[in-house]
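Trainee: could you work out the structure for the sequence below:
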Amino acid sequence: MRSFPIIPALRAADDLARAAASPSRVIYLLAAGLSTLDVYLQQLRATDKEVMVNLDLCAGLARDAEAVAYLAASGCAGVISTHTDVLSAAAGRGLYAIQRTFMIDSESVGSSMRSLRNFVPDALELLPAPVAPRILPRLREKYPLVATVGGGLIGSLQEADSLVRQGLDAVSIGNPDLWSLQ
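Mentor: Residues are numbered from 1 along each chain as shown. Below is the predicted model of the structure:
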C-alpha cells in the first residue's frame, strides 16, 4: 500500500482491465458474484495483483467461515468485511483481514474502537475517507500497527494525496479515472 497508496475499488467488469493495469499491487473487489469471482481473480492475479474481496458485497457467498475457505482456495489475498467473525476466520487462513468501518457519528467511532478490543485486523478501512483523519490520533494511540485506508467520497487525486499526507496509509477509490494517476 505504501509504495502506491491508491487502491482501485473495482465495482464493474467493464473496469477490470483498468484495475489490472493500475500501478497498485492491491485491488479491492467490491462487486462480484459467485459466477464471476474466479474470472476476476484469474485476470487480476495474472497481472500480479493482490485481490481483497469484500465478502459483504459478494453475491452468492454467505458471510461465514466456509465462504472464507472458498476465497482462500480461490487465491484471493484478503477479505474485507464489517464482521469480525469473518475477518477472524480469514486471518486464521493466512488471509489479510480488512475491517470496513463506517464513521458516521461519535457512537459509531466508539463502537469501532470497542470492537478492536476483541479482534485487531491487519487494516481498517475508514468510511467516509474525509472523516478518517479526525479519528486517526485516537486510533494510532491504541493501535499503532494497524494500517488505515480511507474509503468513500474521494473526488480527486489532490484529495487522496491530502488524506495520505494527513496520516492514512492508503485510500480506496472507485473512480477508474484516478487509479493510474501519480
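
Trainee: make it CA atoms for all contacts and neighbour counts henceforth
Mentor: OK.

Trainee: any low-confidence regions in this protein?
Mentor: 1-2, 181-182 (pLDDT under 70).

Trainee: residue ranges of the helices in it, please?
Mentor: Taking DSSP state H as the test, the helices found in the chain are 16-21, 37-45, 65-74, 84-92, 106-115, 132-142, 157-165.

Trainee: deepest-packed of these, please.
Mentor: Looking across these with neighbours counted as mean count of other Cα atoms under 10 Å, the highest average goes to helix 84-92: a mean of 21.

Trainee: what angle do that helix and helix 65-74 make?
Mentor: Using axes from the mean of the first three to the mean of the last three Cα atoms, to 10 degrees, one finds that helix 84-92 and helix 65-74 are set 30 degrees apart in direction.

Trainee: output helix 84-92 as PDB, restricted to C-alpha atoms.
Mentor: Written as PDB, here are the backbone C-alpha positions of helix 84-92 (Å, rounded to 0.1, in the frame of the first residue of the first chain):
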ATOM      1  CA  THR A  84     -15.200  -9.600  12.900                       C
ATOM      2  CA  ASP A  85     -16.000 -13.300  12.900                       C
ATOM      3  CA  VAL A  86     -15.500 -13.400   9.200                       C
ATOM      4  CA  LEU A  87     -12.200 -11.500   9.500                       C
ATOM      5  CA  SER A  88     -11.000 -13.700  12.300                       C
ATOM      6  CA  ALA A  89     -11.700 -16.800  10.000                       C
ATOM      7  CA  ALA A  90      -9.700 -15.000   7.200                       C
ATOM      8  CA  ALA A  91      -6.800 -14.300   9.500                       C
ATOM      9  CA  GLY A  92      -6.900 -17.900  10.600                       C
END
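
Trainee: contacts for that helix next, please.
Mentor: 63-65, 68-69, 72, 78-81, 96-99, 119, 121 (Cα atoms under 8 Å, 6 or more residues apart in numbering).

Trainee: same thing but 10 Å
Mentor: For helix 84-92, contacts defined as Cα atoms under 10 Å, 6 or more residues apart in numbering pick out 55-56, 62-69, 71-72, 77-81, 93-100, 115-116, 118-122.

Trainee: got a PyMOL select line for the buried ones in those residues?
Mentor: Here is the PyMOL command that selects the buried residues among these (16 or more other Cα atoms under 10 Å):
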select buried, resi 55+56+63+65+67+68+71+72+77+78+79+80+81+93+95+96+97+98+99+100+116+120+121+122
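
Trainee: any idea of the angle the biggest strand by length in the chain forms with helix 84-92?
Mentor: Secondary structure of the chain per DSSP state E: the longest strand is strand 96-102. Counting by the same axes, to 10 degrees, strand 96-102 lies at 160 degrees to helix 84-92.

Trainee: so what strands line up beside strand 96-102?
Mentor: Here strand 96-102 is paired, per DSSP bridges, with strand 78-81 (parallel), strand 123-127 (parallel).
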